[in-house]
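# sharing a sequence plus its predicted fold:
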Amino acid sequence: MNHQECANLQANAASRSVRPPQARALLGNIGNTTLWRWVKERPDFPRPMKLGPRVTVFKLDELVAWRDAQANKGVA
């Protein structure tokens, strides 16, 4: 995901949900295993929502807020 795509997503973050691949890209192209490890091990990481048996999403505004908080701490 390039910078413009990230900016477009953030502009519409208030009511948007993203699938795990978009969440990984937003968080700096992290790996799939890293994403799910953070869900499991970090209590401050945004919780995913199951929309169906094969559909999981994250709230975009929560991911952006978490990412920005980590950047402010100097930790990712």
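Perfect, I can see it now. All values reported here derive from a predicted model rather than from experimental measurement.
# where does pLDDT dip in the chain?
Across the chain, the ranges flagged by pLDDT under 70 are 1-3, 5-15, 75-76.
# host element of residue 46?
Following DSSP states H and E, there is no helix or strand that holds residue 46.
# number of nearby residues for the residue nearest to it when sequence neighbours are not counted?
Spatial nearest neighbour of residue 46, chain neighbours left out: residue 62 (3.8 Å); criterion: CB to CB, 6 or more residues apart in numbering. Every C-beta, even on glycine, is put in place using the N, C-alpha and C of the backbone. Neighbours of residue 62 under the rule other CB atoms under 10 Å: 15.
# other SSEs contacting the stretch of helix or strand residue 62 belongs to?
Using DSSP H and E, residue 62 sits within helix 60-73. Using 3 or more CB pairs under 8 Å, 6 or more residues apart in numbering; DSSP states H and E, the elements in contact with helix 60-73 are helix 3-11, strand 17-18, helix 20-26.
# what about 7 Å?
helix 20-26 (3 or more CB pairs under 7 Å, 6 or more residues apart in numbering; DSSP states H and E).
# surely the residue nearest to residue 46 is in contact with residue 44?
No - at 10.4 Å, residue 62 does not count as touching residue 44 under the criterion of CB atoms under 7 Å.
# tell me the secondary structure at residue 50.
strand (DSSP: H, G, I helix; E, B strand; the rest coil).
# now do the phi/psi pair for the nearest residue to it once chain neighbours are set aside.
The shortest distance from residue 50 to any non-neighbouring residue, by CB to CB, 6+ apart, is to residue 56 (5.5 Å). Backbone dihedrals for residue 56, given as degrees, to the nearest 10, come out at phi -120, psi 140.
# I figured residue 56 hits residue 47, correct?
No - between residue 56 and residue 47 there is no contact under CB under 7 Å: 10.4 Å.
# comparing those two, which residue is more hemmed in?
The residue with more neighbours, out of residue 56 and residue 47, is residue 56; 16 against 9, by other CB under 10 Å.
# got a list of what the more buried one touches?
20, 48, 49, 50 (CB atoms under 7 Å, 6 or more residues apart in numbering).
# dump the residues you listed into TSV; add neighbour count and distance to residue 37 as well.
Converted to TSV, the contacts of residue 56 look like this (neighbours: other CB atoms under 10 Å; distance: CB to CB, whole Å):
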residue	neighbour count	distance to residue 37
20	15	13
48	17	13
49	11	18
50	9	18
